[in-house]
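1. Test case, fold it:
(chains A and B)
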There are 2 protein chains.
Amino acid sequence: MVQSLVLSVDAMGGDSAPGIVIEGLDQFLATQKDVSVILHGHEGHLEPLLADAPRVAEAASLRHCEDQITMSDKPSQALRKRSSSMWKTIESVRDGEAQASISAGNTGALMAMSMMLLRRMDGVHRPAMAALWPTQRGRIVVLDVGANLEADGNQLMTYAIMGEAYARAIRGVERPSIGILNVGSEEQKGHEEVRRAAELIKSSGLDLNYSGFVEGNDISEGTVDVVVTDGFSGNIALKTAEGTARLVAAFVREALTSSPLAKAGALMASGGLRQLRVRMDPSSVNGGVLLGLNGVSVKSHGGTDAKGFATALKLAADLARSDFKTEVAASLARVQAARQDASESAA
Amino acid sequence: MVQSLVLSVDAMGGDSAPGIVIEGLDQFLATQKDVSVILHGHEGHLEPLLADAPRVAEAASLRHCEDQITMSDKPSQALRKRSSSMWKTIESVRDGEAQASISAGNTGALMAMSMMLLRRMDGVHRPAMAALWPTQRGRIVVLDVGANLEADGNQLMTYAIMGEAYARAIRGVERPSIGILNVGSEEQKGHEEVRRAAELIKSSGLDLNYSGFVEGNDISEGTVDVVVTDGFSGNIALKTAEGTARLVAAFVREALTSSPLAKAGALMASGGLRQLRVRMDPSSVNGGVLLGLNGVSVKSHGGTDAKGFATALKLAADLARSDFKTEVAASLARVQAARQDASESAA
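-> Okay, the predicted model is just below:
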């Protein structure tokens, strides 16, 4: 049997690991051919689960890890845990055994380990976590959603370059439009770093499709294809959107069960409502990728369910098969060349 | 006729001024007794509108202003426009002619003018904009939603004190719980300023009901009564939530018109769905108040409709009649006393 793709999976990361990891793998593998899995985690916990999941047991080779990363480990502590399942998961990608890694564990630890093991691409100071965000005009790319708390103008500009290349590779948009997240769309708005990023993008010498500043509501409206922000604001925006979607879903449920007549109506509309549930399901959009690394490292939401983990696995497989790293590296090289030209003509 | 309350209104602020201001006043005045209005704006624009709005014309005394603040005016430029409608609107509160001011204009300008005219309360370095946010457990207070882009630990701590006192006065909760917005709930998460704020709140010597760090999804879940954050993240969270709610509403509409059967069901459920529309209506939650000033200055969303402006007017009237300023000032005084005790015992 030809194994065209190997995924490396951290079985011990996330709030409900390893249970949902195995269930998620089972769902994912039901839809895939030619994928095998290296499963890193504690034998004692995993063997009973694998006994009940023959599809996973067949596709996965289990690698025992004594240690694991907890949610309270600081990145510096995590980097010392080199026999942890998370470290081993990323190491398999570094060693070329697997084409992508997936973990639902501690984001800071994942970021630190991914940087150390997979190394940054030329021109990248800090990788960024990119999410695919559902909008009124299809999915868009939002980054950084939590890899780095702060970002200066130069980093934000690098996020824009990487996000643009990612959107091109993943969504097939020829010239993705780029917006920087801010508190207003006017040029003088915002703190120094967002204004500096705007200047750097405009003067980059690259032919970027830059649309200016965008606001929080522009994300879900899909005003641009790529939204650039620092990891603190990006993470808060992402989780606020999740919370709001859940709140509205609860309101809709209440409205459609508020009377016998409403319930009967909801029953008649159940086809459309089922479609709505699928669209609104947060597990259908799970998975962020660290952009700017020489390897694919995907982060699943720590609180996701099995279906959400399967979505993250699908994202990792799609990314491993795509040429997004080549796109990102090529764009970064163009920026560096443009900078060199600028400094030479200045000299 | 006894005029127990006077509101000062900027007729020229916001995307659709002065039209929606007059319409909003008309809706608001239909529900209120004993309220009169000082209306600041351009006579030439306002007189024709007032001719068609007899209720507003009766309650309002028009003050002509040649000048107005634009969305692109920087705060420093705005402060020089002392014959603008925004300046005059706040000035009426400073001079004791009105008990509260309302403007839908430029936030930065409103903040700068309000600080200059109404002055800060003792112990407040920068006022914060507080919003009432709909959640699964009723409305909560979120601040700062855009008055200051950045906030250090000490400012965030002051926001917590002010937000707590505001929640007590407005919502009648005895000991409102407080959370600081962050990218994770663990103590070591986040940048230095949020961790510093947490330390300051815990060591404040005040008996605050502090619940620790909360994440974006906790806002709509109503996990705490008061969510504290810097104005950049708060503004992005607020607008992201608005955008998400609109996106979901669009999805619901599509689901309920996707087939003749779904349409028929929606018709049967129309009672519940009408209730849902009311709950989801962004104009029913419009209006932020600047906390930490010796006067009531309310900011309406610039893009709101007449109903939203009426909501902001209602908020201003409620605040003018409440004792929230006394609550806020008392809490600030307790912090300062606690600080003094601490420094004396250290000396």
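
2. What ranges in chain A fall below the confidence cut-off?
-> A:1-3, A:282, A:346-347 (pLDDT under 70).

3. can you map out the strands along it?
-> If DSSP state E is used as the criterion, the strands of chain A fall at A:5-10, A:35-41, A:60-64, A:100-103, A:128-133, A:140-143, A:177-181, A:209-214, A:226-228, A:288-291, A:296-299.

4. tell me the angle of the longest one relative to strand A:60-64?
-> Angle of strand A:35-41 versus strand A:60-64, following axes from the mean of the first three to the mean of the last three CA atoms, to 10 degrees, is 20 degrees.

5. same check, this time on the fifth one
-> On the basis of the same axes, to 10 degrees, strand A:128-133 is oriented at 140 degrees to strand A:60-64.

6. In the sheet, which strands lie alongside strand A:128-133, parallel or antiparallel?
-> Using DSSP bridges, strand A:128-133 pairs in its sheet with strand A:140-143 (antiparallel), strand A:288-291 (antiparallel).

7. Touching that strand from outside, list them.
-> Taking CB atoms under 8 Å, 6 or more residues apart in numbering or on different chains as the criterion, the residues outside strand A:128-133 that touch it are A:107, A:111, A:139-148, A:151, A:155, A:158-159, A:162-163, A:166, A:170, A:219-220, A:227, A:231, A:234, A:238, A:241, A:285, A:287-292, A:299, A:315. Just so you know, the C-beta spots here come from the backbone N, C-alpha and C atoms, and that holds for glycine as well.

8. Quick check, residue A:38 in contact with residue A:63.
-> Yes - Residue A:38 is in contact with residue A:63 according to CB atoms under 8 Å; the separation is 6.2 Å.

9. wait, what's in contact with the residue most central in space within chain A?
-> Most central residue of chain A, judged by C-alpha distance to the mean C-alpha position with CA atoms, centre = their mean, is residue A:288 at 0.7 Å. The neighbours of residue A:288, taking CB under 8 Å, 6+ apart as the test, are A:129, A:130, A:131, A:145, A:146, A:298, A:299.

10. Columns neighbour count on top of the residues you listed, output as a markdown table?
-> Converted to a markdown table, the contacts of residue A:288 look like this (neighbours: other CB atoms under 10 Å in any protein chain shown):
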| residue | neighbour count |
| --- | --- |
| A:129 | 27 |
| A:130 | 27 |
| A:131 | 25 |
| A:145 | 24 |
| A:146 | 25 |
| A:298 | 28 |
| A:299 | 29 |
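
11. top helix in chain A by residue count?
-> Ordering each helix of chain A by length in residues (DSSP state H) puts helix A:231-255 first.

12. if I pick residue A:163, what's in contact with it?
-> If you count contacts by CB under 8 Å, 6+ apart, residue A:163 has them with A:128, A:130, A:141, A:143, A:176, A:178, A:226, A:227, A:228, A:291.

13. So what's the residue count around the nearest residue to it once chain neighbours are set aside?
-> When the adjacent residues along the chain are set aside, residue A:163 lies closest to residue A:226, with 4.1 Å between them (CB to CB, 6 or more residues apart in numbering or on different chains). By the criterion of other CB atoms under 10 Å in any protein chain shown, residue A:226 has 30 neighbours.

14. where exactly do the helices run in chain A?
-> A:19-29, A:43-51, A:54-59, A:75-78, A:85-94, A:107-118, A:153-171, A:192-202, A:216-221, A:231-255, A:260-268, A:270-280, A:306-321, A:324-346.

15. Those: which one's closest to residue B:135?
-> helix A:231-255 (6.7 Å; CB to CB).

16. Identify the residues contacting the closest residue to residue A:313 other than its chain neighbours.
-> Leaving aside its chain neighbours, residue A:313 sits nearest to residue A:28 (4.1 Å; criterion: CB to CB, 6+ apart). Under the criterion of CB under 8 Å, 6+ apart, the contact partners of residue A:28 comprise A:35, A:309, A:310, A:313, A:314, A:317.

17. Need the max-distance pair from those.
-> Of all pairs drawn from those, the widest gap by CB to CB lies between A:35 and A:309 and measures 14.6 Å.

18. More neighbours: which of those two?
-> More crowded of residue A:35 and residue A:309, by other CB under 10 Å: residue A:309, with 31 against 19.

19. ok, now which ones touch the closest residue to the more buried one other than its chain neighbours?
-> Spatial nearest neighbour of residue A:309, chain neighbours left out: residue A:24 (2.8 Å); criterion: CB to CB, 6+ apart. Residue A:24 is in contact with A:305, A:306, A:307, A:308, A:309, A:310, A:312, A:313, counting by CB under 8 Å, 6+ apart.

20. I'd like to know how far the last one sits from chain B.
-> Looking back up the chat, that one is residue A:313. Distance of residue A:313 to chain B, given as CB to the nearest CB, to the nearest Å: 23 Å.

21. With the first one instead?
-> With the distance defined as CB to the nearest CB, residue A:305 ends up 15 Å from chain B.

22. Same question for the second one.
-> Distance, residue A:306 to chain B, by CB to the nearest CB: 20 Å.

23. give me the number of residues near the residue lying closest to residue A:186 once chain neighbours are set aside?
-> For residue A:186, ignoring the flanking residues on the chain, the nearest one in space by CB to CB, 6+ apart is residue B:72 at 5.3 Å. One way to gauge burial is a neighbour count; for residue B:72, by other CB under 10 Å, it gives 12.

24. go on, residue A:115?
-> For residue A:115, which is what you asked about, the neighbour count (other CB under 10 Å) is 21.

25. I'd guessed it sits against residue A:121; true?
-> No - in terms of CB under 8 Å, residue A:115 does not count as a neighbour of residue A:121; the distance is 11.0 Å.

26. Now do the shared contacts for those two.
-> Contact criterion CB under 8 Å, 6+ apart; residues shared by residue A:115 and residue A:121: residue A:293.

27. list the contacts for residue A:270?
-> Contacts for residue A:270 were tallied using CB under 8 Å, 6+ apart; they are residue B:265.

28. Distance of residue A:314 relative to residue A:300?
-> For residue A:314, the distance to residue A:300 under the criterion CB to CB, to the nearest Å works out to 11 Å.

29. Give me the nearest residue to residue A:88, chain neighbours excluded.
-> Leaving out its chain neighbours, the residue that sits closest to residue A:88 by CB to CB, 6+ apart is residue A:40, at 4.4 Å.

30. One more: residue A:6?
-> Leaving aside its sequence neighbours, residue A:6 is closest to residue A:98 (4.3 Å, by CB to CB, 6+ apart).

31. can you pull the contacts of the one you found?
-> With contact set as CB under 8 Å, 6+ apart, residue A:98 has these partners: A:6, A:7, A:8, A:38, A:92.

32. Run a quick neighbour tally on whichever residue of the stretch 1-150 of chain A sits closest to chain B.
-> Proximity to chain B, evaluated over the stretch 1-150 of chain A using CB to the nearest CB, is greatest for residue A:149 at 4.8 Å. By the other CB under 10 Å criterion, the neighbourhood of residue A:149 contains 20 residues.

33. returning to what we had before: compare residue A:314 and residue A:300 (neighbour count), which wins?
-> Between residue A:314 and residue A:300, counting by other CB under 10 Å, residue A:300 is the more crowded of the two (31 against 18).

34. dump the residue contacts of that one.
-> Residues counted as contacts of residue A:300 (CB under 8 Å, 6+ apart) are A:13, A:14, A:102, A:103, A:104, A:286, A:287, A:308, A:309, A:312.

35. Same question for residue A:278.
-> Residue A:278 is in contact with residue A:284, counting by CB under 8 Å, 6+ apart.

36. Residue A:27 versus that one, what's the distance?
-> Relative to residue A:27, and taking CB to CB, residue A:278 is found at 15 Å.

37. Nearest residue to residue A:196 in space, ignoring adjacent ones along the chain?
-> residue A:153 (2.8 Å).

38. Compute the number of surrounding residues for that neighbour.
-> For residue A:153, the tally of surrounding residues (other CB under 10 Å) stands at 19.

39. looking at it, it is touching residue A:200, isn't it?
-> Yes - Residue A:153 lies in contact with residue A:200 (CB under 8 Å); the separation is 5.7 Å.

40. how's chain A carved up into domains?
-> As assigned by automatic domain parsing, chain A contains the domains A:1-124+A:292-347, A:126-287.
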